[in-house]
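>>> what shape does this take:
(chains A and B)
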Amino acid sequence: MNDPERDPVVIRAIDELRRLPRVDAARVQRIVAAAAALRVTPPGDDPLAHPRLWPRLWRVAGVAAAAAIVGFVIHGFVPPRTGNGVAAPIAAARPVKTLAVNTALHESSALPIPHQFVLNVRGAKRVSVVGDFNEWNRASAPMERSADGTLWSTTISVLPGRHMYGYIVDDSLFMLDPSEPKGRDPDLGAEGSVVIVGRP
Amino acid sequence: METYYARSLRFARAMLRNPDDAEDMVQEAFVRLYRALPRYEERQRFESWLFQILGNCCRTANTARHRERTHLVDDAAALERVPSRDNPSERFDHEWGDEVRQALADLPEYNREIFLLHYIEGFSYDEIERMTGVRQSALKMRVKRACDSLRARLSPGMGGGR
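Take a look at the predicted model:
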């Protein structure tokens, strides 16, 4: 294999391409300030804001996911999901929450579709769904407990497409959805559950 | 931050089908970066995280542009306005920098991105492997193909160069 670094033409091209464009410092500051202001979750409010917490969360997430699967087998019932807007029993009478979804990288013509998230977890006091559709903000989509206290659910409007998400249990535990495939966050490399909303 | 911004802008201009979208895309990447900061894990270098996000934004934008362009080719009048590279009378008089950027733009996106990350942004193959999930042997092959294409386009007597 020829070493491109020894080819004068390629070296010259690389030198040309390495030239940095001029930037207006004031403009950069404005953009950075605007980006910082758009952050939805303040650091103190986000359980995922503490990098040192992550290894512990992932360890307990594995145990909790296994517990949820066992709970599912024993309980034997989880309502169907409603990716195409079909009402599921647990949330049929409840209004659908509309989230401030990030539309920047989605088709402008795409409309949010109601999607029900359901988690079977015993003994929890609070559960919320967090994902790329709500900027991983635990306060955005709290879930409601079923009468028997084991099923948690919420229905929210989500833009069609592939989304990564998880659940925050009792404000401290991040759990994957045991009934959906796992994936890796393209930006962070962290694991999350994957759902495709609006798939025909 | 200005240096990161300038490097991001350079990368986005080289990656995008429409370089005019570069500033918007850098802005989008910065917004995503700030939103995801709470989930940033220190095991990853900040710089490689930024370019991973920016690369994702650019690929998404290129896909959208491709859809638009695919739609436009149905417009016969628009097709007639596109200058032909084979017709000497319509060939633009590019400066060297323009020629380099055009040759780069003509590379397949997957070769161009790795070439830029390695030779222009200075990431090692180890880092790019972590960023993209592509094995190093494949990365090196993509960079080699990119270099071969650039050399063929830009070398004097081979249809390019000055």
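
>>> for the rest of this, base every contact and every neighbour count on C-alpha atoms.
Will do.

>>> enumerate every residue touching residue B:133.
Contacts for residue B:133 (CA atoms under 8 Å, 6 or more residues apart in numbering or on different chains) come out as none.

>>> phi, psi of it?
When read as degrees, to the nearest 10, the backbone of residue B:133 gives phi 80, psi 10.

>>> tell me how far it lies from residue B:115.
Relative to residue B:115, residue B:133 is positioned 15 Å away (CA to CA, to the nearest Å).

>>> least trustworthy helix or strand in chain B by mean pLDDT?
Lowest mean confidence among the helices and strands of chain B (mean pLDDT, DSSP states H and E): helix B:76-81, at a mean of 48.

>>> contacting residues around residue 13?
All of this refers to chain A. Neighbouring residues of residue A:13 by CA under 8 Å, 6+ apart: B:97, B:100, B:150.

>>> meant chain B actually
So residue B:13 contacts B:19-22 (CA under 8 Å, 6+ apart).

>>> one more time with 10 Å
A:21, B:7, B:19-23, B:25-26, B:58, B:101, B:105 (CA atoms under 10 Å, 6 or more residues apart in numbering or on different chains).

>>> same thing with residue B:31?
A:31-39, B:25, B:37.

>>> and the helices in chain B?
B:2-15, B:22-36, B:46-72, B:76-81, B:96-105, B:109-115, B:125-132, B:136-154 (DSSP state H).

>>> could you report the neighbour count for residue A:176?
Neighbourhood size, residue A:176 [other CA atoms under 10 Å in any protein chain shown]: 26.

>>> bridged to the nearest residue to it once chain neighbours are set aside, which residues?
Closest residue in space to residue A:176, ignoring its immediate chain neighbours: residue A:166 at 4.8 Å, by CA to CA, 6 or more residues apart in numbering or on different chains. Counting by DSSP bridges, residue A:166 forms beta bridges with residue A:130.

>>> neighbours around residue A:166, how many?
23.

>>> do the same with residue B:125
18.

>>> part of a strand, is residue A:192?
Yes - checked against DSSP: H, G, I helix; E, B strand; the rest coil, residue A:192 lies within a strand.

>>> residue A:162 is in contact with that one, correct?
No - using CA atoms under 10 Å, residue A:192 makes no contact with residue A:162, being 11.9 Å away.

>>> which one of the two has more residues nearby?
Between residue A:192 and residue A:162, counted using other CA under 10 Å, the more crowded position is residue A:192 (22 against 13).

>>> list the contacts for the more buried one?
Residues near residue A:192 by CA under 10 Å, 6+ apart: A:131, A:163-167, A:174-177, A:180-185.

>>> try 8 Å
Listed by CA under 8 Å, 6+ apart, the contact set of residue A:192 reads A:164-166, A:176, A:182-185.

>>> still on that earlier bit, out of the contacts of residue A:13, who's near chain A?
The overlap between the contacts of residue A:13 and the neighbours of chain A (CA under 8 Å from any CA of the partner chain) comes to B:97, B:100, B:150.

>>> what sits closest to the second one if chain neighbours are left out?
Put plainly, it is residue B:100. That would be residue A:13: by CA to CA, 6+ apart, it lies 6.0 Å from residue B:100.

>>> where does that neighbour land in three-state SS?
Per three-state DSSP, residue A:13 ends up helix.

>>> so what's residue A:193 bridging to?
Counting by DSSP bridges, the residues bridging with residue A:193 are residue A:165, residue A:182.

>>> ditto for the one 4 residues further on
Beta-bridge pairing of residue A:197, defined through DSSP bridges, involves residue A:161.
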